[in-house]
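Visitor: What follows is a predicted protein model with its sequence.
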Amino acid sequence: MFKPIKQKRVYEEIVEQIRQLIAEGALKPGDRLISERELADRLQVSRASIREAFSALDMFGILESKPGEGTFIREVPQDSIIKPLALIFMLYKDSNFEVMEVRAILEGESAALAAKRSTAEDIEKIGGILDKMEQDVLSGSIGEVSDAQFHLAIAEAADNKVLARLMNTVSDLIVETMRYSRQRMFLTPGNKEKLLSQHKEIFNAIKSREPDTARKVMINHLNFVINEITHFEEEREEQENGNT
């Protein structure tokens, strides 16, 4: 599995081999590495070079040493991935269009995965939220909370822990962007009905186990929102310029 080292910067070559083996799946999180002595023999390097490489990999969070047990490939905590991504969402929370574009990328795949992986309980939950959304809108509410819950439930039904955590972490921001978009969109006659219809299409595609259709209707829905908000902002800008 390992190859003899022939380069001058020995520890860097060791680091690269281990990183490559992880990338290829030959080494997985939780795997225990062979001993320093055995690894040094296989790579034909000194144990000092092995220790230097291990130290670098430990600093990068790739390896961890457990006293009396050995050196292991580290399990990467989900928060180490989620928190930086969530921070990016929060830093650009005023860029509603860009947030919506990122959502279209994430949620298109989320809907497709939900169509493949959702359980009967997931379908029931999403359907119940959709009913609540319809009731909210018909009663005069803009329904941004139930709208956010609908999209979060789909992310959970996708059965991808990283995606679900990311969506839940930025859920408050999602509610904000939905409040912003719905307040403006509902000023146009017929948009309430269009949005409800689009959510029903998404739900039906997931329920029918049609991943390509689910992806398409989700992306179409979010692009519709982007286009409507863009049109609203352009009209508002024209009116403001006309009044000056």
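Guide: Good, I have the coordinates. Please read all numbers here as calculations on a predicted model, not as lab measurements.

Visitor: Please save the CA atoms from stretch 105-116 in CSV.
Guide: Once side chains and other backbone atoms are set aside, the C-alpha atoms of stretch 105-116 remain, and they are given as CSV (Å, rounded to 0.1, in the frame of the first residue of the first chain):
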residue,chain,number,x,y,z
ILE,A,105,-28.0,24.7,-5.9
LEU,A,106,-28.3,23.0,-2.5
GLU,A,107,-32.0,22.4,-2.4
GLY,A,108,-32.3,21.1,-6.0
GLU,A,109,-30.1,18.1,-4.9
SER,A,110,-31.9,18.0,-1.5
ALA,A,111,-35.2,17.4,-3.3
ALA,A,112,-33.7,14.8,-5.6
LEU,A,113,-32.2,12.9,-2.6
ALA,A,114,-35.5,13.2,-0.7
ALA,A,115,-37.3,11.6,-3.6
LYS,A,116,-34.9,8.7,-3.4
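
Visitor: Could you report the pLDDT at the closest residue to Ala56 other than its chain neighbours?
Guide: Using C-beta to C-beta, 6 or more residues apart in numbering and skipping residues adjacent in sequence, the residue nearest Ala56 is Val15, 5.4 Å away. The C-beta positions use only the backbone N, C-alpha and C, and glycine is treated the same way. Model confidence at Val15, expressed as pLDDT, equals 89.

Visitor: One more: Gln78?
Guide: Among the per-residue scores, Gln78 holds a pLDDT of 54.

Visitor: Could you do Ile226 as well?
Guide: The pLDDT attached to Ile226 in the predicted structure is 85.

Visitor: tell me which element it falls in.
Guide: Ile226 belongs to helix 211-242 when elements are defined using DSSP states H and E.

Visitor: And for Glu64?
Guide: Counting by DSSP H and E, Glu64 is found in strand 63-66.

Visitor: what are the ranges of the helices in the protein?
Guide: According to DSSP state H, the chain carries its helices in the segments 10-24, 36-43, 47-59, 78-91, 96-117, 120-138, 144-157, 161-169, 171-185, 191-207, 211-242.

Visitor: would CSV of these with distance to Glu69 be doable?
Guide: Supplementary listing: those in CSV, determined by distance: least, C-beta to C-beta, whole Å:
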stretch, distance to Glu69
helix 10-24, 18
helix 36-43, 14
helix 47-59, 14
helix 78-91, 23
helix 96-117, 35
helix 120-138, 39
helix 144-157, 35
helix 161-169, 27
helix 171-185, 39
helix 191-207, 44
helix 211-242, 43
